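>>> Got a predicted model here, sequence first, then my questions.
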Amino acid sequence: ALPGMKNIDPEVLSKVHDQAMKVSVPYTVGYAVIAVRKDRVNDVKPSWAMFDRGDLGRRSTLLDDMRETLGAALKSLGYSLNSRNEKELAAARDVVIRWKKNIAKFDNEGYKAGLDSGEFLMVHGYSGDLFQVAQENDRVEIIVPEEGVTIGCDEMVIPKTAPQPALAMKFISHLLEPEVAAENMEWMGYLCPNVAAMKKVSADFLENPAVTIP
């Protein structure tokens, strides 16, 4: 029912649970990165150590998500963000407590408007969200920490209780069409892991650090 499944990037498939796409189809790929107001923040470095800076007057935010925040701390220490080592997790906890002294709050939504308005000078956020802010405000710069970032993949599924599964299948098929996926990703700023669609997006889109990370 979904001929567009052939366009899904095998590199992305290798990282998801349902690699055979028996019940789900990858939709978007995003990263948790940092964005700053480059007109207000000097000496910007591509590193999680930016959150150790006390000179920003507690006008920064970290994501209100334990996987993302502890993950960033783990990566800052050179550890896997999937670590289950108790000593490494304790060290990451201490890093986040240290960072907490320099931030305004842990936040998952308001950071976008706050960065745009200048209320926040630096935020930890999702790449597509920050892409959209940067598209509207050229004073916003996205930076990818060199220690590493989290990668998330949103996938499309149809619940067993869906009242119109055939219509849902048609909608997923529509989103997998290369032209649709290309237009969709340029609008929302998240990468659609669709090999055919990647050939149809603009060069500017692919140069954006929220989309193509080192």
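Arrived safely, thanks for sending.

>>> For the rest of this, base every contact and every neighbour count on C-alpha atoms.
OK.

>>> And for the longest helix along the chain, what's in contact with it?
For the chain, the longest helix by residue count, based on DSSP state H, is helix 86-100. Here helix 86-100 makes contact (CA atoms under 8 Å, 6 or more residues apart in numbering) with 51-52, 69-71, 73-74, 77, 79, 83.

>>> doesn't residue 71 fall inside a helix?
Yes - using DSSP: H, G, I helix; E, B strand; the rest coil, the assignment for residue 71 is a helix.

>>> how near is it to residue 46?
Residue 71 sits 16 Å away from residue 46, going by CA to CA, to the nearest Å.

>>> swap in residue 11?
For residue 11 relative to residue 46 (CA to CA), the value is 25 Å.

>>> Likewise for residue 147?
Taken as CA to CA, the span from residue 147 to residue 46 is 8 Å.

>>> now the one helix or strand residue 171 maps to, how far from the centre of its chain.
If you go by DSSP states H and E, residue 171 is part of helix 165-176. How far helix 165-176 lies from its chain's middle: 25 Å, per CA atoms, centre = their mean, to the nearest Å.

>>> Would you mark the buried spots in the helix or strand following it?
Per DSSP H and E, the first helix or strand lying C-terminal to helix 165-176 is helix 178-188. Of all the residues in helix 178-188, those buried under the rule 16 or more other CA atoms under 10 Å are 178-179, 181-182, 184-186, 188.

>>> got it, and stretch 93-100?
Applying 16+ other CA under 10 Å to stretch 93-100 flags 93, 95-96, 99-100 as buried.

>>> Please report the distance of the residue nearest to residue 69 when sequence neighbours are not counted from residue 209.
Sequence neighbours aside, residue 63 is the residue nearest to residue 69 in space, at 6.2 Å (criterion: CA to CA, 6 or more residues apart in numbering). Distance of residue 63 to residue 209, given as CA to CA: 19 Å.

>>> Likewise for residue 22?
For residue 22, the distance to residue 209 - CA to CA - is 32 Å.

>>> what's the answer for residue 31, then?
10 Å.

>>> Those two: which has the busier surroundings?
Shown here are residue 31 and residue 209; by other CA atoms under 10 Å, residue 31 has more neighbours (22 against 16).

>>> helix/strand/coil for the more buried one?
Using three-state DSSP, the structure places residue 31 in strand.

>>> for residue 119, same thing?
Residue 119 is classified as coil under three-state DSSP.

>>> what's it sitting at in phi/psi?
Main-chain torsions, residue 119, degrees, to the nearest 10: phi -60, psi -40.

>>> mind listing what the residue nearest to residue 69 touches?
69, 106-108, 124-125.

>>> which of these has the most neighbours?
Neighbour counts for the contacts of residue 63 (other CA under 10 Å) peak at residue 124, which has 28 neighbours.
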